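[1] When you get a sec, could you give me coordinates for this:
(2 chains)
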Amino acid sequence: MLPSPSPIPSQSASKTVFSKDMEQQSATVKWWRRSVEWWNALTCLSMFKPEIGDIIVGRVVEVAQKRWKLEINFNQDAVLMLSSMNLPDGIQRRRTAVDELNMRNVFEENDVICAEVRNFQNDGSLQLQARSQKYGKLEKGQLLTVPPYLVKRQKQHFHHLVQYGVDLILGCNGFIWVGEHCDARDTVAEEQLNNTEEQNTKSTRVSENVPLETRRNICRVANAVRVLSTLGFSLTLEVILEAFNLSSTLNLGIDEMLVSEFHVLVAEKEAERRSSLTKKKR
Amino acid sequence: MVGLSVGEKHFIQGGINQNLRSDGRKRDTYRPIFVETGVIPQANGSARIRMGATEVIASVKAELGRPSALQPDKGKVAIFVDCSPVAEPTFEGRGGEDLSTELSVALQRCLLGGKSGAGAGIDLSSLVVAEGKICWDLYIDGLVVSSDGNLLDALGAAIKAALSNTGIPRVHVTAAASGDEQPEVDISDEEFLQFDTSEIPVIVTLTKVGRHYIVDATSEEESQMSSAISVSINRKGHICGLTKRGGAGIDPSVISDMISVAQYVSEQLINKLDSEISAAEADEDES
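    Sure, this is the predicted structure:
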């Protein structure tokens, strides 16, 4: 079963980008092209290899009996049981038929959710849990897809960029969420406590416009992730912020980050950073 | 095409309202366009165009044929588009047929004009060899390799690039013939005529989302559209063809406004495309 072909067009795109300046290639760019060719070979061999405790961002494809099925860039859909979500009153009780009927008020089809891997089921698919405040529905932002091997397992996958008001979630399955900062994501509490004003709160909360400055930051962070994904660099907060700051200091328009010249600059900056790291180690 | 959650849809629509789309572009900005010509050596002309994640290839093959009796002084051009399953899993088998037919018809309307040949972007009289007897038939094929929205614009640009890359062999009519006989021709292997592409129009698609129109929509943005208008405009700013898609009706004043926006955008697009095409041809000559 081959992984989805989505990584491949972006990699071949970066090859087209650099075919024009063959003579002027610096050593760093030549190094980068060789590593991209290596990545191309690796793409077919690498797939998302989940482990227990991984942070996952997924999209709901089905609301089934007492569970939600999520698409997570894996060969099988993951399962989020109703019992793995917090109830509004916080009491650990058995879920009733009323809870089951209200499932669609919590998560609908096509909703984007972040959760944690709880364990593996018998058929190899994942079982997720979203019992903490920081898990739940993601709104007011954009979802990006990158090859899963670019997201290494780290201590922190939730990044709240305070000075920009942006939430950045690096899902281990290659789904990256960039959106406006949300303090509490426990949607079950909000939905079911305001039963009478349910429709109003849901629609007003979502349709409140993201302020322009926050939107600019969201788009700049998202473009930084896109550039790094095309170049094939591992996505860590440090590298993403470096690309973000590079584009700000150069006063580049946000859409100008996707031009080939900026890709070269980011690659060179990253090469510098890595060589200074190896020098420090010595 | 995966679905979008309510929150994501609002984010996209809010961005379009605030003139800041998901990748930072304004409403009237195209994605970076990369052009490569001469990608298919067996064809008379070919080009590959990439706009963001949308990638299309166009090829032109020229064969000698008979002009139609109704238009003995014009050559013939046929345009076909194929949507490869590589682009989308739904294009497998006959799934892509509807989209392929829609794109082929829209391209024919935009580039070839009406049945009588009036208003064509491509000058068909330059394709004639011996009037009434021999003409060049051009078969233009488009292949959609990767689909992320705005296929029509990409195909139009690819066809323009492929035609500027096309070399038609020079033909000498060796023996004059009378009546219905076909004259003998000598097709030269060495001399080629470059096709004149300065009159070929570009296609600009304006997608209406909410109250605003955007240019070069990604497939996420296209899923939010109410309607879309594709206008083919040539260098002089004249409209060579017009197609409307989408279920919602549009007020005529809105259409006039969209056409003027398209005219404004097409100037920059034509200049950008011409410079990219000449750069690509220069690269091809070097390599």
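
[2] my read is residue A:160 is in a strand, agree?
    Yes - with DSSP: H, G, I helix; E, B strand; the rest coil as the criterion, residue A:160 is part of a strand.

[3] Residue A:231 and residue A:269 touch, don't they?
    No - between residue A:231 and residue A:269 there is no contact under C-beta atoms under 8 Å: 10.8 Å. The way it works is simple: take the backbone N, C-alpha and C, and place the C-beta from them, glycine included.

[4] of those two, who's got more company?
    residue A:231 (22 against 16; other C-beta atoms under 10 Å in any protein chain shown).

[5] can you pull the contacts of whatever residue of the stretch 51-200 of chain B ends up closest to chain A?
    Nearest residue of the stretch 51-200 of chain B to chain A, counting by C-beta to the nearest C-beta: residue B:146, 4.6 Å away. Residues near residue B:146 by C-beta atoms under 8 Å, 6 or more residues apart in numbering or on different chains: A:9, B:53, B:54, B:55, B:86, B:87.

[6] which residue sits closest to it, ignoring its sequence neighbours?
    residue B:55 (4.1 Å; C-beta to C-beta, 6 or more residues apart in numbering or on different chains).

[7] part of a strand, is the one you found?
    Yes - with three-state DSSP as the criterion, residue B:55 is located in a strand.

[8] My understanding was that it contacts residue B:142; is that so?
    No - using C-beta under 8 Å, residue B:55 is not in contact with residue B:142, being 11.5 Å away.

[9] Those residues of the stretch 51-200 of chain B touching chain A, which are they?
    Taking C-beta under 8 Å from any C-beta of the partner chain as the contact definition, the stretch 51-200 of chain B meets chain A at B:52, B:53, B:55, B:86, B:145, B:146.

[10] biggest separation within those, which pair?
    The span of those, defined through C-beta to C-beta, is set by B:52 and B:86 at 16.6 Å.

[11] Could you identify the longest helix within the chain?
    No chain in the question, so chain A it is. helix A:260-281 (DSSP state H).

[12] You answered for a different chain; I wanted chain B.
    Counting residues, the longest helix found in chain B (DSSP H) is helix B:252-286.

[13] Give me the helices and strands touching it, please.
    The contact analysis (3 or more C-beta pairs under 8 Å, 6 or more residues apart in numbering or on different chains; DSSP states H and E) places helix B:252-286 against strand B:33-37, helix B:151-164, strand B:202-209, strand B:212-215, strand B:227-233.

[14] what comes up buried for it?
    Within helix B:252-286, the residues scored as buried using 16 or more other C-beta atoms under 10 Å in any protein chain shown are B:255, B:258-259, B:261-262, B:265-266, B:269-270, B:272-274, B:276-277, B:280-281, B:283.

[15] re the thing from before, buried ones among the residues of the stretch 51-200 of chain B next to chain A?
    Neighbour counting with 16+ other C-beta under 10 Å marks B:52, B:53, B:55, B:86, B:145, B:146 as buried within these.

[16] Bridged to the spatially most central residue of chain A, which residues?
    In chain A, the residue lying closest to the centroid (C-alpha atoms, centre = their mean) is residue A:176, at 1.0 Å. Here residue A:176 sits in beta bridges with residue A:144, residue A:170, as judged by DSSP bridges.

[17] Quick one: residues contacting it.
    Taking C-beta under 8 Å, 6+ apart as the criterion, residue A:176 is in contact with A:57, A:143, A:144, A:145, A:146, A:151, A:168, A:169, A:170, A:225, A:235.

[18] and which of the residues you listed is nearest chain B?
    Nearest member of those to chain B, counting by C-beta to the nearest C-beta, is residue A:143, at 6.7 Å.

[19] wait, isn't that closest one in contact with residue A:112?
    Yes - assessed by C-beta under 8 Å, residue A:143 is found in contact with residue A:112 at 5.6 Å.

[20] Residue B:220: what's it in contact with?
    B:4, B:8, B:12, B:22, B:149.

[21] TSV for the contacts of residue A:176, including neighbour count and pLDDT?
    TSV is the format used below for the contacts of residue A:176 (neighbours: other C-beta atoms under 10 Å in any protein chain shown; pLDDT from 0 to 100):
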residue	neighbour count	pLDDT
A:57	25	93
A:143	25	93
A:144	20	93
A:145	18	91
A:146	24	92
A:151	23	91
A:168	25	93
A:169	23	94
A:170	26	94
A:225	23	94
A:235	22	92
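
[22] Return the member of the residues you listed nearest to residue A:73.
    Closest approach to residue A:73 among these (C-beta to C-beta): residue A:145, at 6.9 Å.

[23] lowest average confidence, helix or strand, in chain B?
    Within chain B, no helix or strand scores below strand B:184-194, which has a mean of 71 by mean pLDDT, DSSP states H and E.

[24] Low-confidence stretches in the stretch 51-200 of chain A?
    For the stretch 51-200 of chain A, the stretches with pLDDT under 70 are A:88-90, A:184-200.

[25] Residue A:217: which element?
    Assigning secondary structure by DSSP states H and E places residue A:217 in helix A:212-231.

[26] Return the set of buried residues in that helix.
    A:214-231.

[27] just checking: which of these also lie near chain B?
    Among these, chain B is touched by A:215, A:216, A:219, A:220, A:222, A:223, A:226 when using C-beta under 8 Å from any C-beta.

[28] who's in contact with the nearest residue to the fourth one once chain neighbours are set aside?
    To tie it back to what came earlier, the one meant is residue A:220. Leaving aside its chain neighbours, residue A:220 sits nearest to residue A:254 (5.2 Å; criterion: C-beta to C-beta, 6+ apart). Residues counted as contacts of residue A:254 (C-beta under 8 Å, 6+ apart) are A:216, A:219, A:220, A:223, A:247, B:20, B:23, B:24, B:25.

[29] Take the residues you listed and write them to a markdown table, including pLDDT and distance to residue B:78.
    Formatted as a markdown table, the contacts of residue A:254 follow (pLDDT from 0 to 100; distance: C-beta to C-beta, whole Å):
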| residue | pLDDT | distance to residue B:78 |
| --- | --- | --- |
| A:216 | 92 | 47 |
| A:219 | 93 | 42 |
| A:220 | 93 | 46 |
| A:223 | 93 | 41 |
| A:247 | 91 | 46 |
| B:20 | 92 | 42 |
| B:23 | 88 | 36 |
| B:24 | 90 | 40 |
| B:25 | 91 | 35 |
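
[30] Closest one of these to residue B:74?
    Distance to residue B:74, by C-beta to C-beta, is smallest for residue B:25 among the contacts of residue A:254, at 40.6 Å.

[31] Where does residue 173 fall, secondary structure wise?
    You didn't pick a chain, so chain A it is. Here residue A:173 sits in a region with no helix or strand, counting by DSSP H and E.

[32] To clarify, I was referring to chain B.
    Assigned by DSSP H and E, residue B:173 belongs to strand B:167-175.

[33] Run through who's touching that strand.
    Contacts with strand B:167-175, where a contact means C-beta under 8 Å, 6+ apart, come from B:44-45, B:62, B:64, B:127, B:129-130, B:134, B:136, B:183-189, B:191-195.

[34] from the stretch 151-282 of chain A, which residue is nearest to chain B?
    Nearest to chain B, among the residues of the stretch 151-282 of chain A, is residue A:254, at 2.7 Å (C-beta to the nearest C-beta).

[35] Residue of the stretch 101-250 of chain A nearest chain B, please.
    Closest residue of the stretch 101-250 of chain A to chain B, C-beta to the nearest C-beta: residue A:139 (2.8 Å).
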